[in-house]
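A.B. asks: any chance you can model this:
(2 chains)
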There are 2 protein chains.
Amino acid sequence: MPAVTYQLKQKDAESNARLGRVTTPHGTFDTPAFMPVGTQASVKGLQPTQVDAVGAQILLSNTYHLMLRPGSQLVKQMGGLHKWMRWDRPILTDSGGFQVFSLTDINRIGEDGVTFRSHLDGELIELTPERSMCVQNELGADIIMAFDDCPPGVGDGDSGLGVGQEQPAGMSEPQISNPNPQSPTSRHGVAVADYPARVKLANERTVRWLDRCVKAHERTDEQGLFGIVQGGTDLMARTWCAQNVTQHDLPGYAIGGVAVGEGFDQIKLVVEHTAPLLPEDRPRYLMGVGYERDILMAVRAGVDMFDCVLPTRNGRNGCAFTPTGQIRLKNACFAEDAGVLDPGCDCPACGGGFTRSYLRHLFMAQEMLGPILVSAHNIRHFQRYLLDIRRAIAQNDWSLIDRHWPVAVKRR
Amino acid sequence: MPAVTYQLKQKDAESNARLGRVTTPHGTFDTPAFMPVGTQASVKGLQPTQVDAVGAQILLSNTYHLMLRPGSQLVKQMGGLHKWMRWDRPILTDSGGFQVFSLTDINRIGEDGVTFRSHLDGELIELTPERSMCVQNELGADIIMAFDDCPPGVGDGDSGLGVGQEQPAGMSEPQISNPNPQSPTSRHGVAVADYPARVKLANERTVRWLDRCVKAHERTDEQGLFGIVQGGTDLMARTWCAQNVTQHDLPGYAIGGVAVGEGFDQIKLVVEHTAPLLPEDRPRYLMGVGYERDILMAVRAGVDMFDCVLPTRNGRNGCAFTPTGQIRLKNACFAEDAGVLDPGCDCPACGGGFTRSYLRHLFMAQEMLGPILVSAHNIRHFQRYLLDIRRAIAQNDWSLIDRHWPVAVKRR
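C.D. replies: Numbering: from 1, shown residues only, chains lettered A, B, ... in the order given. Have a look, this model is predicted:
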């Protein structure tokens, strides 16, 4: 019996959406599922019991950050990530690839792996497929991700979400530098003319690195390894990569390199093209996505798993999600607003009766309770949204989404 | 029936300690009691339900901070402090006096009141006894404090705790400047030779201002006004002030101007002298105290109420209270410590099984959850301590404290 299994429970009549359940050594989660991000083994501002209470069934944590601090050996020594952070439900760790490419000062990228300088202390560190597997084996998440070559995207800056990682304190936001839209460059200075070549190389390397990940993964009975399909916005490259990645019989497959700045229409093209190329009897995970509209589109294309920093990152900045769009609590119009964030919400902020007036005060006064309450609310918002999506599939009635989640069809 | 009443339940055989209960419009609290500080209408990092869960029965909030932001009229408009911050148990607000004298750039101190510049935006603001009462009437706490003239203390810097106020973000710690121990000056540059004169004036003014507070207090049916005894370390001045303040029949009396830097022995002298001068059938409140040892001494001198920022301020800095003393979690020795902060504690951190190793990681990684968990632990530490003190009085057995709280008798 593999560590991670997928049960397809129901297929939607009018789209490729699927209702399912994933079983892991730390219990099950219902799909389509949204994973809050706990970058440094903590969902920022919330105790695990609170994350559970707002309905999250699985968390994502970041290999890159934990490898640097406190180190995966320490986590292993303390009994593994679940025991250490006191979260007894499923955890997924990413491979560290995305962070290495988006956050660090890269020294060298080669066939063997990547050498980079730690964003914490400048130490020179090498990350290879084997090392990523070793670190993820030590952390002990239920689902671990293949180490892929992920060149930064070139885009319009509209939907670059900083895939699956929360901002550590003191670090500047990862930026996709595009000073001149006529002559875009990637973050690492690759001119646009070279871009297709870089994508092709990354794609092929991702496939070769997957072979090495499969060989290096030592805890197959306790952890399921997901492969990742890369290929940028080149649909032929996506097809080629999907064909090669699915040569490995893995418990799940992911679509990577999406939502790195390329805009909704491009994301839609890629997802609707790639999702059907992945086996129907395995969960499909769209990495780092996203807004409500992105999720709805991807669910209807057949995707089962999502993760994004939006609920907590925006929550910390005083932006609260509602079914009709985000509101910015620092705006003066909320000073005397006696209503809760969303009357239909049962989160600690709304259910607890905290008014927009009070929440605004917390942000104006720089009180920690502001980020805490709005992060909890935002996670609950996404969990309630996914709950309704699962209900829409189960009842074959998408009018539920149209009625209750106008934000999902609105242009943001 | 006054808004606030005190029931003396039991007197200790071997000391002046008393077991009692205070009844307010928002319920009762057991004394001796320790009040966590929620400076800006929030106990930093904790939801009110969590503050309740760690055993706090009454909170302190700061008039000065709320008057400046968001303003007491807004709080009144939103239904008052209890409703606004979602805390349905008793609240005490201070008068703003201490903050005006310790935090602001004072423009003028006169018989009428104090004119100062807001630490937020430099606005020139006047605070008088009448204005303090009006603001506290608008905030709507169960217990409100008289506006007193409180010249900053001159001391050894050992026990200046920043009485009853939490540090707003971005504000430097209030310092008692004493560049030369041979020639100390107060924070406002009063030379030590003038100090007794300033204490005498402040003392007499505090009594005159109390008359004005009593006249200005408009919600006597809903809020109990406590008088404050000043007098510095001059025991004659304390006696004079206590005699005059207790001329007013008030629901409670406080000892102010203590723990502003004068050291344990001086605090002990003042408290043991002053507490017995206050009526036995009213609660006695020692403002801004303190460490476990200070509290034990004061309880045995007959004090019933305490407040201090120590649990939350130190919690935010990674200092955890234990029965044997504080531990500094950032120390490397805790990196692989698989134990909880205090095995005898039932707080969310200890009861939740979070190890010192994990808590240290949270502080090293600047994760909000560190301050949150250690603040909750520290508040619980003080509530458990007060619970044991009440038990010691009830059972007439102080060996309970000696056995379980060695920190209370240790020199810190």
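A.B. asks: report the mean confidence score over stretch A:55-72.
C.D. replies: Stretch A:55-72 carries an average pLDDT of 98.
A.B. asks: list the buried residues of that stretch.
C.D. replies: By 16 or more other Cβ atoms under 10 Å in any protein chain shown, the buried positions in stretch A:55-72 come out as A:55-70, A:72. All C-beta atoms are positioned from the backbone trio N, CA, C, and that covers glycine.
A.B. asks: go back to those and keep what's next to chain B.
C.D. replies: A:65, A:69-70 (Cβ under 8 Å from any Cβ of the partner chain).
A.B. asks: contacts only, for the spatially most central residue of chain A.
C.D. replies: Compute the mean C-alpha point of chain A, and by Cα atoms, centre = their mean the closest residue is residue A:307, 2.8 Å away. The contact partners of residue A:307, taken as Cβ atoms under 8 Å, 6 or more residues apart in numbering or on different chains, are A:34-37, A:60, A:92, A:163-164, A:285, A:287-289.
A.B. asks: just give me the closest of the ones next to chain B among the buried residues of stretch A:55-72 to chain B.
C.D. replies: Chain B lies nearest to residue A:70 out of those, by Cβ to the nearest Cβ, at 4.9 Å.
A.B. asks: that closest one in helix, strand or coil?
C.D. replies: Secondary structure assignment for residue A:70 (DSSP: H, G, I helix; E, B strand; the rest coil): coil.
A.B. asks: of the buried residues of stretch A:55-72, which belong to strands?
C.D. replies: Counting by DSSP state E, those place A:59-61 in strands.
A.B. asks: for those, which one is nearest chain B?
C.D. replies: Among those, residue A:61 lies closest to chain B (Cβ to the nearest Cβ), at 12.0 Å.
A.B. asks: tell me the domain boundaries of chain A?
C.D. replies: Per the record, chain A has its domains at A:5-169+A:188-308, A:312-412, by automatic domain parsing.
A.B. asks: endpoints of the longest one, how far apart?
C.D. replies: Taking Cα to Cα, to the nearest Å, domain A:5-169+A:188-308 runs 23 Å from one end to the other.
A.B. asks: distance of residue A:248 relative to residue A:127?
C.D. replies: Using Cβ to Cβ, to the nearest Å, residue A:248 is found at 21 Å from residue A:127.
A.B. asks: more neighbours: which of these two?
C.D. replies: Neighbours were counted for residue A:248 and for residue A:127 using other Cβ atoms under 10 Å in any protein chain shown; residue A:127 has more, 22 against 15.
A.B. asks: pop out the phi and psi values for that one.
C.D. replies: phi -120, psi 120 (degrees, to the nearest 10).
A.B. asks: check the contact between residue A:62 and residue A:92; I expect there is one.
C.D. replies: No. Using Cβ atoms under 8 Å, residue A:62 is not in contact with residue A:92; the gap is 10.2 Å.
A.B. asks: on that earlier part again, of the contacts of residue A:307, just the buried ones, ChimeraX syntax please.
C.D. replies: Here is the ChimeraX command that selects the buried residues among the contacts of residue A:307 (16+ other Cβ under 10 Å):
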select /A:34,35,36,37,60,92,163,164,285,287,288,289
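A.B. asks: now do the helix or strand where residue A:387 lies: which elements does it pack against?
C.D. replies: Using DSSP states H and E, residue A:387 sits in helix A:369-395. Contacts defined by 3 or more Cβ pairs under 8 Å, 6 or more residues apart in numbering or on different chains; DSSP states H and E place helix A:369-395 against strand A:18-24, strand A:33-35, helix A:292-300, helix A:310-316, strand A:319-322, helix A:348-351, helix A:356-364, helix A:399-404.
A.B. asks: in CSV, list these along with mean pLDDT and distance to chain B.
C.D. replies: Formatted as CSV, the helices and strands packed on helix A:369-395 follow (pLDDT from 0 to 100; distance: least, Cβ to the nearest Cβ, whole Å):
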stretch, mean pLDDT, distance to chain B
strand A:18-24, 98, 21
strand A:33-35, 98, 18
helix A:292-300, 97, 25
helix A:310-316, 98, 8
strand A:319-322, 98, 16
helix A:348-351, 98, 6
helix A:356-364, 98, 5
helix A:399-404, 95, 27
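A.B. asks: just put these in CSV and tack on distance to residue B:22.
C.D. replies: Formatted as CSV, these follow (distance: least, Cβ to Cβ, whole Å):
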stretch, distance to residue B:22
strand A:18-24, 52
strand A:33-35, 47
helix A:292-300, 50
helix A:310-316, 38
strand A:319-322, 38
helix A:348-351, 29
helix A:356-364, 27
helix A:399-404, 48
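A.B. asks: quick check: which of these is nearest to residue A:197?
C.D. replies: The closest of the helices and strands packed on helix A:369-395 to residue A:197 is helix A:292-300. By Cβ to Cβ, the value is 28.3 Å.
A.B. asks: the closest one: how far from the chain's middle?
C.D. replies: Relative to the centre of its chain, helix A:292-300 is centred 14 Å away, using Cα atoms, centre = their mean, to the nearest Å.
A.B. asks: stretch A:359-368 now?
C.D. replies: Remark: stretch A:359-368 is offset 28 Å from the chain centroid, using Cα atoms, centre = their mean.
A.B. asks: which elements pack onto the helix or strand bottoming out on mean pLDDT in chain A?
C.D. replies: When the helices and strands of chain A are scored by mean pLDDT, DSSP states H and E, strand A:105-109 comes last with a mean of 84. In terms of contacts (3+ Cβ pairs under 8 Å, 6+ apart), strand A:105-109 is packed against strand A:114-117.
A.B. asks: with that, I have no additional questions.
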